[in-house]
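Novice: this one's sequence-less:
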Ligand SMILES: Nc1nc2c(c(=O)[nH]1)N[C@H]1C(S)=C(S)[C@@H](COP(=O)(O)OP(=O)(O)OC[C@H]3O[C@@H](n4cnc5c(=O)[nH]c(N)nc54)[C@H](O)[C@@H]3O)O[C@H]1N2
Ligand SMILES: Nc1nc2c(c(=O)[nH]1)N[C@H]1C(S)=C(S)[C@@H](COP(=O)(O)OP(=O)(O)OC[C@H]3O[C@@H](n4cnc5c(=O)[nH]c(N)nc54)[C@H](O)[C@@H]3O)O[C@H]1N2
Ligand SMILES: [Mo]
């Protein structure tokens, strides 16, 4: 049989798969993509891998003993029974009905955070939420692992919608190329991160755009623990700092601006509140509580924390004041204890420079974190599957999942509210992998032992599927028709089915329709449509939305035939907060003062010691100098070889492994001090757990810092080590950013690295569990 090419889309871009004999045997970049991502090479192996879920499966202990807490959930030797579709649907419908009847719908946790796949119709969370809404609602999760602190802090200090604008409609790289003279970025601009956009992009343009900006004369300064956090061709100057030291550096830069008369007092007076409080804090006239003299946040003070010479900080501050400067704070920087501070301080620094609201200048958060940032956007909304309304008012901040399961009824703070955790009995996950994404996975395993039932829809036997009582096999994007679009792209793209479903995998839409049917709600869930009819309806609904903006796109048939339509309108060339700058009285921000809040009365009134009323220096565990036997700081940043844990068994991801494990990058001096060398399998330990990893010695790391990216499939199968494969969340601490935003703090953890002695255990992460037959 001859090979055919089928177009597809993923969060890592649009490309083509080569299909032979109903199997994906290769990939081809889209001919129009100027810089395609190598991540696509993972697809062929992942699509047909032995770890695919081929049939519905039920944990034997749950099947035999019925629902209930079970500390053995997730045990590596736990076994499963494969069952018929009709059996699993009967069991699951009855269990959902039992839980909602006995405990109410808030006892069903359907937060189901995760990236799933790129299609808009078969979007795992939308489908699950629509289904759970149909059957009476669920406890949801709010905000993201990506930028939980931004999402809570910025609405308080610049108001909504400016905060949404900050996150979703960044000024285009072309604006930077034209106007910016100096781009100072805390947390670098990692090219591999720009390959990812929720919904994917037809063309990967961030790399070429950054290069063009550099060629046009934009100077880049990357403040980061890694020298290779920016693409080589932008020739960034590297300011090497320890993770967690950014706020100290920013306060010192402000100190220079205040003491050398470089702070733009006209801007501060007209557009901000609280600059006087911040100034007296920076100058050491008062401490963070305001009632005692504090410490002068001078460059010399910051040098002691960051290691950056005071003279260099002075020069940088003067240069920033002189030039048209954009301050970018990457999302990683806030994925840490007190993660609100570097964001708030970064905004304050930009305000002191007085350039907020000017094209190519001011403040941003997200360049280099995701591909849509600076890549253009449409004001018209995207096609999406309607989810209906959730009749239940119950939610948790997304990264507090383990706390919720471990302490039903437990008290916690969030954004000024005093809250209690709901009493969840059934956890339902589709399209996410908490045993990839959450911190302190051993603790999470304990938490997953608590509910009465765990349900997971998956394409693969991930560690999360292996913690489920009921596992439902889902098709992959390559096995169903769908369409996609993203905030950072100006096209809607068809994703036609390329191959037949693996084993008995089904589209989730059909699974939910059958479950709803068993609960007497099929018609409510489907509205009489098949998923093919929904796709048409989702497209046509979007088309009329676009028409209301006065733009025209072809009807569904023509779109499907062509495979792609262009979305009208680029709007991203306004400067962030430009309207406010032009008319602060007429277009005030939606904050209590109408201005940028460098001091927030509201936040101060919450009385949170871990997030007071203005940006302050709070040393997190990465820099607090504690001598606890864990001398190195580990960066758990995003993997360049894949998206999170997806397709980890694929060719590109596997090519980066060392001895079959996740690569741990370490500097030559630290490697010598730890007694480890290139290619060694080592043990990495923290106060929470341990994992094995394979050493890569590299000059790109600041001494004292090691890097182990996220996403190696969690493998608890080896005795004496939490994860045999190298998942950094075996090591991280499960604690929120602060009482304000309770965001994820997984970016850094203090560790020890040592040679691994004894026989190296095999990696068993990709083996399906006991009882599962591989077709
Ligand atoms: N230590 C540390 N941890 C982190 C981070 C960090 O910086 N450090 N970063 C965090 C961030 S920003 C994020 S966003 C999270 C990401 O965490 P996740 O989004 O949970 O990670 P993914 O691996 O993308 O999980 C998606 C899952 O969906 C499955 N899937 C794919 N298609 C389908 C489908 O059609 N149906 C169903 N049912 N399933 C499907 C995939 O097999 C995969 O298991 O990780 C977070 N975790
Ligand atoms: N290829 C690929 N791309 C991705 C993803 C993926 O899994 N794979 N995930 C996507 C998702 S969901 C998200 S949310 C974004 C995340 O985007 P980011 O959060 O920006 O990405 P990270 O890779 O976690 O971190 C970027 C760099 O920040 C630096 N850094 C870490 N801590 C600090 C600090 O305290 N101070 C300073 N100055 N620098 C620090 C590290 O050197 C790290 O390499 O990435 C997206 N892009
Ligand atoms: Mo994320």
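Specialist: Arrived safely. Bear in mind that the values here come from a model prediction, so they are computed numbers and not experimental data. Ligands and ions are numbered 1, 2, ... in the order given.

Novice: ok, the residue in the stretch 601-750 of the chain that ligand 1 sits nearest to to residue 730 distance?
Specialist: Closest contact between the stretch 601-750 of the chain and ligand 1, by Cβ to the nearest ligand atom, is at residue 746 (2.8 Å). (Each C-beta comes from the backbone N, C-alpha and C, glycine too.) As defined by Cβ to Cβ, to the nearest Å, residue 746 lies at a distance of 11 Å from residue 730.

Novice: next: residue 61.
Specialist: Taking Cβ to Cβ, one finds residue 61 at 24 Å from residue 730.

Novice: one more: residue 56?
Specialist: Look at residue 56 and residue 730: by Cβ to Cβ, they are 30 Å apart.

Novice: the more surrounded of those two?
Specialist: A side-by-side neighbour count of residue 56 and residue 730, using other Cβ atoms under 10 Å, places residue 730 first with 29 against 26.

Novice: which residue, other than its chain neighbours, is closest to the residue of the stretch 451-600 of the chain found nearest ligand 2?
Specialist: The minimum distance from the stretch 451-600 of the chain to ligand 2, using Cβ to the nearest ligand atom, falls at residue 488 (11.6 Å). Take residue 488 and drop its neighbours on the chain: the residue closest to it by Cβ to Cβ, 6 or more residues apart in numbering is residue 372, 2.1 Å away.

Novice: mind checking the SS state of residue 396?
Specialist: Three-state call for residue 396 (DSSP: H, G, I helix; E, B strand; the rest coil): strand.

Novice: how about it, what does it touch?
Specialist: Applying Cβ atoms under 8 Å, 6 or more residues apart in numbering, we find residue 396 in contact with 111, 139, 141, 142, 404, 421, 422.

Novice: quick one, phi psi at the fourth one?
Specialist: The phi and psi torsions at residue 142 (degrees, to the nearest 10) take the values phi -120, psi 150.

Novice: can you check the third one too?
Specialist: The phi and psi torsions at residue 141 (degrees, to the nearest 10) take the values phi -120, psi 150.

Novice: contact residues of this structure facing ligand 2?
Specialist: Counting by Cβ under 6 Å from any ligand atom, the chain comes close to ligand 2 at 146, 186-188, 190, 192-193, 195-196, 223-226, 229, 241, 243-244, 246, 330-333, 336, 368-370, 635, 637-640, 643-644, 747-748.

Novice: so which of the residues you listed belong to helices?
Specialist: The helices, defined by DSSP state H, take in 192, 193, 246 from these.

Novice: turn those into a markdown table, columns for pLDDT.
Specialist: Listed next are these as a markdown table, based on pLDDT from 0 to 100:
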| residue | pLDDT |
| --- | --- |
| 192 | 98 |
| 193 | 98 |
| 246 | 98 |
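
Novice: show the buried residues in those residues.
Specialist: Buried members of these, scored by 16 or more other Cβ atoms under 10 Å, are 192, 193, 246.

Novice: list the contacts of the first one.
Specialist: Neighbour list for residue 192: 37, 638, 639, 640 [criterion: Cβ under 8 Å, 6+ apart].

Novice: repeat that with 6 Å
Specialist: If you count contacts by Cβ atoms under 6 Å, 6 or more residues apart in numbering, residue 192 has them with residue 640.

Novice: cool, the second one as well?
Specialist: Under the criterion of Cβ under 6 Å, 6+ apart, the neighbours of residue 193 are 369, 638.

Novice: for the one 4 residues further on, same thing?
Specialist: The contact partners of residue 197, by Cβ under 6 Å, 6+ apart, come to 370, 371, 372, 486, 488.

Novice: state the pair within these that is farthest apart.
Specialist: Greatest spatial distance among the contacts of residue 197 (Cβ to Cβ): 370 and 486, at 9.8 Å.

Novice: ok, and the most crowded of the contacts of residue 197?
Specialist: Counting neighbours by other Cβ under 10 Å, residue 371 leads these with 29 neighbours.

Novice: I'd assumed residue 206 was in contact with that one.
Specialist: Yes. Using Cβ atoms under 6 Å, residue 371 is in contact with residue 206, at 5.5 Å.

Novice: pull up the overlap in contacts between these two.
Specialist: Common neighbours of residue 371 and residue 206, using Cβ under 6 Å, 6+ apart, are residue 194.

Novice: which strand or helix spans the nearest residue to residue 82 once chain neighbours are set aside?
Specialist: The spatially closest residue to residue 82, leaving aside those adjacent along the chain, is residue 55, at 4.5 Å (Cβ to Cβ, 6+ apart). With elements taken from DSSP states H and E, nothing contains residue 55; it lies in neither a helix nor a strand.
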